[in-house]
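Chemist: Kindly return the folded structure for what I paste below:
(one chain, ligands or ions: 2)
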Amino acid sequence: MERRTKIYEGKAKILYETDNPDLVIQYFKDEATAFDAQKRGIIEHKGIYNNRISSVLFEYLGQHHVRTHFVGQLSEREMLVKRLAIIKIEVVVRNISAGSLSKRLGLEEGEPLKEPVLEFFYKNDALGDPLINDDHIRLLDLATPQEVRAIRKRALLVNGLLREFLDERDLILVDFKLEFGRHRGQLLLGDEITPDGCRLWDKQTLEKMDKDRFRRDLGKVEEAYQEVYRRICSP
Ligand code: TMP
Ligand code: ASP
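Modeler: Ligands and ions are numbered 1, 2, ... in the order given. The predicted structure is shown next:
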């Protein structure tokens, strides 16, 4: 499968058409951004790590009957996926308080949550991805109530599966972001699952092993991605 016309270039990935109208190629870049792209940088080899990490996680979810857009990994930086009409909602699932939840509700970072907390953000850079609820989703026609119910269920299922998988690799899944899309009438999990969009802490030391190292200038950013890659992708 070969890359054809570029469809879209995002902050961390480029999408290309293929000769099959149902399939596109996701190309993973090393570029990293944070805070609505006010902060920019390069994390060496990130694209290679993230492509592999995401491929392994999508494959694992697929084996557990979660429908995703993943078709296969094509090369170090290329993933073949089903073409989606992306639903403009960023679905965040949290197990431990951190980031914007800590800020919004005044919770200490690292506080375990009684049960997983699910949040929706409107995927709109110009507005800074604001927090939204079901009524806003209906108002903006982002998804049908039936889709929202399916997204909630699917996101919590993915949380349970990923937590277990990562725990076996000494990683705590603090929180993460998912995106869903429509493909030929089906709701599929899309985008990527990588340390760019997940908070992962080392189970023993609680050291941050994700993009927070870049966001907060904690150093050893590439090393953290490489270690997550090693734990998730080593046979
Ligand atoms: P938050 O605490 O900043 O709301 O982030 C929650 C999770 O969502 C965290 O794991 C990082 C991820 N995330 C993204 O993938 N993209 C984003 O633009 C933001 C703000 C967060
Ligand atoms: N990727 C997002 C941005 O560039 C934010 C983040 O992940 O912190 O703004």
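Chemist: which secondary structure elements does the longest helix along the chain contact?
Modeler: Ranked by number of residues, the top helix in the chain under DSSP state H is helix 145-167. Helix 145-167 is packed against helix 46-63, strand 89-96, strand 112-122, helix 134-139, strand 171-178, strand 180-183, strand 186-189, with contacts defined by 3 or more CB pairs under 8 Å, 6 or more residues apart in numbering; DSSP states H and E. Just so you know, the C-beta spots here come from the backbone N, C-alpha and C atoms, and that holds for glycine as well.
Chemist: Ok, which of those comes nearest ligand 1?
Modeler: Ligand 1 lies closest to strand 171-178 among the helices and strands packed on helix 145-167, at 3.6 Å (CB to the nearest ligand atom).
Chemist: Which part of this structure gets nearest to ligand 2, residue-wise?
Modeler: Taking CB to the nearest ligand atom, the chain has T33 as its residue nearest ligand 2, at 3.2 Å.
Chemist: which ones are touching that residue?
Modeler: Listed by CB atoms under 8 Å, 6 or more residues apart in numbering, the contact set of T33 reads 11-12, 39-41.
Chemist: how about the residues of the chain near ligand 1?
Modeler: Residues of the chain lying close to ligand 1 (CB under 6 Å from any ligand atom) are 92, 98-101, 129, 175-177, 197-199.
Chemist: Rebuild those as JSON lines, extending it with pLDDT and neighbour count.
Modeler: Shown next, in JSON lines, are the residues of the chain next to ligand 1 (pLDDT from 0 to 100; neighbours: other CB atoms under 10 Å):
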{"residue": "V92", "pLDDT": "99", "neighbour count": "20"}
{"residue": "A98", "pLDDT": "98", "neighbour count": "20"}
{"residue": "G99", "pLDDT": "98", "neighbour count": "15"}
{"residue": "S100", "pLDDT": "98", "neighbour count": "14"}
{"residue": "L101", "pLDDT": "98", "neighbour count": "20"}
{"residue": "D129", "pLDDT": "96", "neighbour count": "17"}
{"residue": "D175", "pLDDT": "99", "neighbour count": "24"}
{"residue": "F176", "pLDDT": "99", "neighbour count": "24"}
{"residue": "K177", "pLDDT": "98", "neighbour count": "20"}
{"residue": "G197", "pLDDT": "98", "neighbour count": "20"}
{"residue": "C198", "pLDDT": "98", "neighbour count": "24"}
{"residue": "R199", "pLDDT": "98", "neighbour count": "22"}
